[in-house]
Structure formats: C-alpha cells, structure tokens
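Peer 1: Need coordinates for the below:
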Amino acid sequence: MISAPPPVTEHPRAPALRSPAVASVHRVRAVARRHWLVLKRSPHRFFDVLVWPLVDTLLYGSIGLFAAQAAGNDPGVATTVTVYLLSGTVLWHLVHQTQISLATGFLEETWSRNILGLLATPMREWEYLAGVGLFALLRTAVSTVAVAALALTAYAFDVTDLGLGLIPVAALLLACGWSVALLVVGLVLRYGSGAEALVWGALSVVMPLSGVFYPISTLPAALRPLAQLLPTTHVFAAGRALTSGGPMPWRELGIATGGTLVLILLSLFALSRMMRSFRRRGLVTRYS
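Peer 2: Take a look at the predicted model:
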C-alpha cells in the first residue's frame, strides 16, 4: 500500500508573502539601513555630519561675539549681527545636510558600482529615493541638533525662540535641499562622474544669493532680482524675522512655499528626463 506523501510545510524562516504596500515599505527601510551601515562602519564620514557643522558654528558664532565687542556702546548692532550669523548657521545646515546626504547617498551607489544591481531588482525609483531620503533625514537631524546645542551652550542662542514658525521654515528648507539633490542626481546620471562636483558646489552658489547671513539688500543691485527668485531667500528672511521677535512672516512664507513647489516640480521633471536618457543610451555601463 502506497502511503500518502507528507504535507508540504513552510519553512519557519521563509518570508511571508507581502502586499505591494508592505513590500514597498520594506524596500525603503532596506535602502535606509544600507546607507546607515555604510556611515556606521566608516567613522571618517562623520566629518560631514558633525565636525564640519560644529566648526561652522564656532566660526560664525565667534565672529558674532567679535562684532559685539567691536560695537561697544551699540549693543543693538551686535545683537543683530549675532542673530543673523547664528540663525543663518543653524538653518543653513538644514538645507545643506539634506542636500549633501541625499546626493552622496546616490554617489555611494556609483562608487561601489552598484547601479546595475539596483536596476536588476524590483525596486522602483521612488522607493530608492524614499529610502535615501529617510537616511538623509536622520543625518540632518543629528547634524542640526548638534549645531543647535553648540549655539545654545556656547553663544546662548536658542533656535526654539522661533516658536511654531520653526516648523514651516524647517520644512521648506528640507524640501529645497531635497529638490537640489534630485537635480544633482539627475545630472550625475546623465553626465557621469564629472558632474559629481555639483554635489558640493551647487549650494555654494545658492548660499550667497539667499542672504543666509545678511539681507539681500546688501548684494550688488544686478544680483538682487535673481536672489528674489530663490525660495531659500524668502525662507531665511522669514527665519530672521522670527528670531528677531517679529510676527509670523506670512508673506515671506507664502512666497517661499510657492517657489519651493515650483522647484520640486522642475527637479522631478529634470530627473525623469535624465533617467529616461540614462536608460535609453545605456549609460549604466559607466558604473558596471
């Protein structure tokens, strides 16, 4: 008599079938974890996360104190200079760290020749960007908290004095950082490693035009119209108004929000066009 075959049982460690939404979340977390492990096992990478931001805070905070000493009998001038420098430093590292973290997260894939491997997986572009963006958010949080803590302990500047206005200001700066990073990623995909310099250089152009440490009225007259077009200019103006104890600068925040939305749409459009060109021309061979 032939006995019936034993029932097929699932291995206890076999992964359960996931719904598309759960699978997407899993992939996003995997990408974020991959980049976290790279950072964790490479201590020298913490230079960008902690050392550089803290050095900037010491530099501009000390310049503010020097201005206070030089002002002598005019403490109002000294206070204004100190507020401009320290608020600009803390807020600048929000956009700077976000852009650097997202862009270098993608560069990590090119340096490790992993682009072809990513394209061979079922991962979609938005899942990868969400994973790198999640990791960038973590890096930005660590860097910004360190900068804010040093500004508070060393120079008695409390960024929370911005009150609830800090929330839209921070959100807009994060969005601007991500937008610039997406544009840079697209340029690296399209033009290769020669465009990697833009990762560190793109915001260097935006910084002086945005009036991070000064009102844009001090810029040359020919550059002021260009500065007015940048959403970051209005975000930093709103941040300075809040730090100085003024009311909620709705006009500046409204202009900044509209400009940021336009910047996001332009960056996504440019990235999608460059991705199509990347696939059509077979440019992945640069990284294989």
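
Peer 1: what residues are up against the spatially most central residue of the chain?
Peer 2: Centroid-nearest residue in the chain: residue 98, 1.2 Å away (criterion: CA atoms, centre = their mean). Neighbouring residues of residue 98 by CB atoms under 8 Å, 6 or more residues apart in numbering: 136, 137, 140, 173, 174, 177, 178, 181. For every residue, glycine as well, the C-beta is placed using N, CA and C.

Peer 1: Quick check: which ranges of this structure have low pLDDT?
Peer 2: In the predicted model of the chain, residues 1-18, 71-79, 287-288 satisfy pLDDT under 70.

Peer 1: most residues in a single helix of it, which one?
Peer 2: Longest helix of the chain, by residue count under DSSP state H: helix 75-111.

Peer 1: which parts of the helix or strand that it is followed by are buried?
Peer 2: For helix 75-111, the following helix or strand on the C-terminal side (DSSP states H and E) is helix 115-119. Neighbour-count burial for helix 115-119 flags residue 115 (criterion: 16 or more other CB atoms under 10 Å).

Peer 1: cool, and stretch 120-133?
Peer 2: 123, 127, 128, 129, 130, 131, 132, 133.

Peer 1: what does stretch 160-173 give?
Peer 2: 162, 165, 166, 168, 169, 170, 172, 173.

Peer 1: cool, and stretch 219-239?
Peer 2: Result for stretch 219-239 [16+ other CB under 10 Å]: buried residues 219, 227, 230, 231, 232, 233, 234, 235, 236, 237, 238, 239.

Peer 1: what do you get for stretch 62-69?
Peer 2: Buried-residue list, stretch 62-69, by 16+ other CB under 10 Å: 64, 67, 68.

Peer 1: do stretch 242-249 as well
Peer 2: For stretch 242-249, the neighbour count (16+ other CB under 10 Å) marks 242, 243, 249 as buried.

Peer 1: returning to that earlier point: quickly check the buried residues of stretch 120-133 for the two that are furthest apart.
Peer 2: For the buried residues of stretch 120-133, the maximum inter-member distance is 14.1 Å, found between 123 and 133 (CB to CB).

Peer 1: List just the nearest of the buried residues of stretch 242-249 to residue 58.
Peer 2: Nearest member of the buried residues of stretch 242-249 to residue 58, counting by CB to CB, is residue 243, at 19.4 Å.

Peer 1: So the closest one sits against residue 88, correct?
Peer 2: No - applying CB atoms under 8 Å as the test, residue 243 and residue 88 come out as separate, 9.4 Å apart.

Peer 1: Now intersect the buried residues of stretch 160-173 with the helices, please.
Peer 2: Using DSSP H, these in helices are 166, 168, 169, 170, 172, 173.

Peer 1: Quick check: the gap between the second one and residue 106.
Peer 2: Going from residue 168 to residue 106 by CB to CB, to the nearest Å gives 27 Å.

Peer 1: what's the answer for the fourth one, then?
Peer 2: If you measure residue 170 against residue 106 using CB to CB, the figure is 23 Å.
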